[in-house]
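Peer 1: Got a sequence here, can you build the structure:
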Amino acid sequence: MQVSRLTHVLPDGRPLLNDVSFRIGEGTKAALVGPNGAGKTTLIRLIAGDLQPIEGSVTHAGGLGVMRQFIGSLRGAGESSPGGDGRDSRTVQDLLLSVAPVRVKEAAERLNGAELAMMEREDEKTQMRYAQAITDYTDAGGYDIEVLWDTCTMAALGAPYDNVKYRDLTTLSGGEQKRLALEALLRGPDQTLLLDEPDNYLDVPGKIWLEQALRETSKTVLLVSHDRQLLANAVDRIVTVESGNVWIHGGGFATYSEARKDRNERLDELRRRWDEEHAKLKRLVVMLRQKATYNDSMAAPYHAAQTRLRRFEEAGPPELAPKDQLISMRLRGGRTAKRAVICENLELSGLMKPFDLEIWYGERVAVLGSNGSGKSHFLRLIAGEEVRHTGVARLGARVVPGHFAQTHARPELLGRTPCEIVMTEHARLKNEAMKALARYELAGGVAEQRFETLSGGQQARLQILLLEMSGATLLLLDEPTDNLDLASAEALQAGLDAFDGTVLAVTHDRWFAADFDRYMVFGTDGRVYESPEPVWDETRVVRPR
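Peer 2: Okay, the predicted model is just below:
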């Protein structure tokens, strides 16, 4: 894949990507990283052809397969379904077509249209149109790819394609949708893949499967991910988007941090030398101009120095080293009763067997388990939401819960800017709100954007800021690192280390989970049990009886 001199400007006129060029060799597995809002998803969309750049071009070989950030019914804040009624009526077949080669998509659309026409009338013209649509679908490889899809649905859903093709996507978990789309792309004919956050919504066995599939495939892959363990295990190149520019680290994630530090130090040194040479040339011009006023023989050197200075300035300074993100999460908390959370014979209806649990003040408890095991429902119950259950779940004295929602589904924030939200939700003056937003890298133009237009990571950081301001003494975090960039995830971990309270977090982030004290596992058989170490694949452990 070759990206040449791509330039993109946001609708409000702000430059986002400037003269971006890079190459990814055949068969390479590369990760696209950078701060939230730096333009990673925009760059993916430019490469995919969803957006047209002001300048530049993209070339690739062997067909391009694309997994966009939100697939199927996985939509971001403010996105609606095709029907506009807030519901998603798409099917498994629609999801598979969305990641199919273009020629198959187009032929399928014509075939569906012809089938609908045949349901209304059966005149000769309609029959001929239907026959031609079948021929076109066959020639495009439609029936061949359905054989492939049968393998994909068996792997992801455990059922043949014909049995699930008309199944509503809303009946599939986010992880099942992602796994199905990934199976189709990795097994499909396209030899270059763009995967925007393919690991989001996957549980850890799913992530381990993805890592192995990426290592084994001969396809060229460019993926966006914030999962540090996946980056360490599966990619051999790191493509970084920072300050509108792109650079490539030719090694893996293990050496990335040191390589970025060395690069920034080199850029700082080059800029320092350029500034010194620029100042020296300007002093020379000033000196020769003064001498030329009373010595005609100095006119030629003066004009030569002017020309040299002009050319030096036209060539421009070297690239500035990008500023490090200075994210400061001041999660304060407060003293509570010794027992922060008490569960007695608790059962979430249809999701798990009854269990007892005590979480003590100051503990960090990670909630682990496969998708659909009830982890998010458990957090919502502890947060005070209505969740069907039997038994007891209560909080200790002075325990104030603060809930971070995985999907960022906050309808009360839609249409409002971060500045407005902080001012109205927490009675802050505008200058106070802006200072708080600046600590989360949400100041400047971002502070005046509507919530639904923020990147997933920016929405996540705003949610954490609201938790900080709420005075919560119990943090209930549902996949908090899913959309956070690398610096933000590290800032969150530092903030939790300093938090004077209790943390209960659902996570599939192996890197993040390593910092926790206790591990509660929601098993596939309905058991809820404690483990001294993280349990990611229940088939490899013996559960307590």
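
Peer 1: Is residue 65 part of a helix or strand, or is it coil?
Peer 2: Three-state call for residue 65 (DSSP: H, G, I helix; E, B strand; the rest coil): strand.

Peer 1: Can you give me the separation between the spatially closest residue to it that is not a sequence neighbour and residue 47?
Peer 2: Leaving aside its chain neighbours, residue 65 sits nearest to residue 190 (3.4 Å; criterion: Cβ to Cβ, 6 or more residues apart in numbering). Heads up, the C-betas are built off the backbone N, CA and C, glycines and all. From residue 190 across to residue 47, the span is 13 Å (Cβ to Cβ, to the nearest Å).

Peer 1: what do those two both touch?
Peer 2: Common contacts of residue 190 and residue 47, defined by Cβ atoms under 8 Å, 6 or more residues apart in numbering, comprise residue 64.

Peer 1: thinking again about what came up before, so the residue nearest to residue 65 is in which element?
Peer 2: If you go by DSSP states H and E, residue 190 is not part of any helix or strand.

Peer 1: For residue 92, grab the count of nearby residues.
Peer 2: Residue 92 has 27 neighbours, counted by other Cβ atoms under 10 Å.

Peer 1: Which segments of the chain make up each domain?
Peer 2: With domains defined by automatic domain parsing, the chain comprises 258-315, 339-540.

Peer 1: and the ones you listed, which one's lowest on average pLDDT?
Peer 2: Sorting those by mean pLDDT places domain 339-540 lowest, at a mean of 90.

Peer 1: From the chain's centroid, how far away is it?
Peer 2: 17 Å (Cα atoms, centre = their mean, to the nearest Å).

Peer 1: picking up where we left off before, could you work out which of the domains of the chain reaches nearest to residue 250?
Peer 2: domain 258-315 (8.5 Å; Cβ to Cβ).

Peer 1: In the helix or strand residue 283 falls within, which residues are buried?
Peer 2: Per DSSP H and E: residue 283 is located in helix 256-292. The neighbour-count check on helix 256-292 (16 or more other Cβ atoms under 10 Å) flags 256, 259-260, 263-264, 267, 281, 284-285, 288, 292 as buried.

Peer 1: again, but for stretch 61-71
Peer 2: Quick answer for stretch 61-71 (16+ other Cβ under 10 Å): 64-69, 71.

Peer 1: and for that stretch, what are the contacting residues?
Peer 2: So stretch 61-71 is contacted by 26, 41, 44-45, 47-48, 50, 76, 79, 95, 98-99, 101, 177-178, 181-182, 185, 188-198, 224, 456 (Cβ under 8 Å, 6+ apart).

Peer 1: Of the residues you listed, which belong to helices?
Peer 2: If you go by DSSP state H, the contacts of stretch 61-71 have 41, 44-45, 47-48, 95, 98, 177-178, 181-182, 185, 456 in helices.

Peer 1: Tell me the pLDDT of residue 129.
Peer 2: Residue 129 carries a pLDDT value of 91.

Peer 1: immediately after whichever strand or helix holds it, which helix or strand?
Peer 2: For residue 129, the element it lies in under DSSP H and E is helix 124-139. Going down the chain from helix 124-139, the next helix or strand is helix 142-157, by DSSP H and E.

Peer 1: Now do the buried residues in the helix or strand following that next one.
Peer 2: Following helix 142-157 in sequence order, the next helix or strand is helix 161-164 (DSSP H and E). Neighbour-count burial for helix 161-164, with 16+ other Cβ under 10 Å as criterion, is recorded at 161, 164.

Peer 1: Same check on stretch 487-506?
Peer 2: Going by 16+ other Cβ under 10 Å, stretch 487-506 has these buried residues: 487-493, 495-496, 499, 501-506.

Peer 1: and which of those is nearest to residue 36?
Peer 2: Closest to residue 36, out of all of the buried residues of stretch 487-506 and judged by Cβ to Cβ, is residue 488, at 6.4 Å.

Peer 1: hang on, that closest one in a helix?
Peer 2: Yes - checked against three-state DSSP, residue 488 lies within a helix.

Peer 1: for it, what are its contacts?
Peer 2: Residue 488 neighbours (Cβ under 8 Å, 6+ apart): 35-36, 325, 327, 441, 457, 460-461.

Peer 1: and the helix holding residue 129 with helix 142-157, angle?
Peer 2: 60 degrees (axes from the mean of the first three to the mean of the last three Cα atoms, to 10 degrees).
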